[in-house]
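> got a structure for you, letters missing:
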C-alpha cells in the first residue's frame with residue numbers, strides 16, 4: 001500500500017489488495033510502500049514524483065522481496081539508549097536472554113542513543129534468519145555490565 005511521506009492526500013479514490021489510488025495536492029510527492037509481515041510493519045524505499053494539477057501517474061513502489069524478521073521486544077527510547085520494556089515469550093530476544101529493563105546501547109555497531117524509534121526498528125529488523133548484534137547494558141550484582149548478544153531474526157506472527 002502506498003504511504004505518503006511528504007505530500008498531502010486529499011482523497012482516496014480506490015483500494016485494492018495491493019494498491020491504493022489516491023488524489024494528492026500538486027507538487028512534489030514522496031511515497032513509499034508499506035505492508036505487514038506478521039507483527040512487523042515493513043516499509044519500502046521512498047519514491048519522489050512531481051505532479052501538476054490534473055496529472056495522473058502510476059508508481060511502482062519497491063518493497064523488500066524477503067519476509068521480514070524481528071527479535072520480539074517492545075521498547076522505549078531514552079537519552080542513553082533503548083530501554084527494553086517487554087520481551088515477547090518464545091521470541092529470539094527471549095531465547096537470547098534479553099530481559100525487561102535491559103538497555104540496548106548499540107545495534108550492529110550503531111549507538112541507539114543517536115537513533116529515532118523508527119530508525120531503531122529499521123536497524124533491528126531485517127530478513128528472516130539474518131543475525132543482528134546488540135550491546136546490552138544492565139545492573140548486575142557487581143555493578144554496571146555491558147554484554148554483546150547476537151540474535152537471529154525470526155518471523156513474528158501478529
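Everything's here; your move. This is a predicted model, so every value here is computed, not measured. Numbering: from 1, shown residues only.
> residue contacts, the residue nearest to residue 97 when sequence neighbours are not counted?
Leaving aside its sequence neighbours, residue 97 sits nearest to residue 149 (Cβ to Cβ, 6 or more residues apart in numbering; 6.9 Å). Quick note: C-beta positions are derived from backbone N, CA and C, even for glycine. With contact set as Cβ atoms under 8 Å, 6 or more residues apart in numbering, residue 149 has these partners: 96, 97, 98, 133, 134, 135, 136.
> how about 6 Å then?
Residue 149 sits next to 96, 134, 136 when contact means Cβ atoms under 6 Å, 6 or more residues apart in numbering.
> show me where the protein has strands.
Remark: strands assigned in the chain by DSSP state E are 2-4, 9-15, 20-24, 27-37, 40-43, 47-51, 68-69, 73-77, 82-87, 103-107, 110-111, 126-127, 131-140, 143-152.
> mean neighbour count, those strands: which tops it?
Neighbour counts (mean count of other Cβ atoms under 10 Å) averaged over each of the strands of the chain peak at strand 68-69, with a mean of 24.
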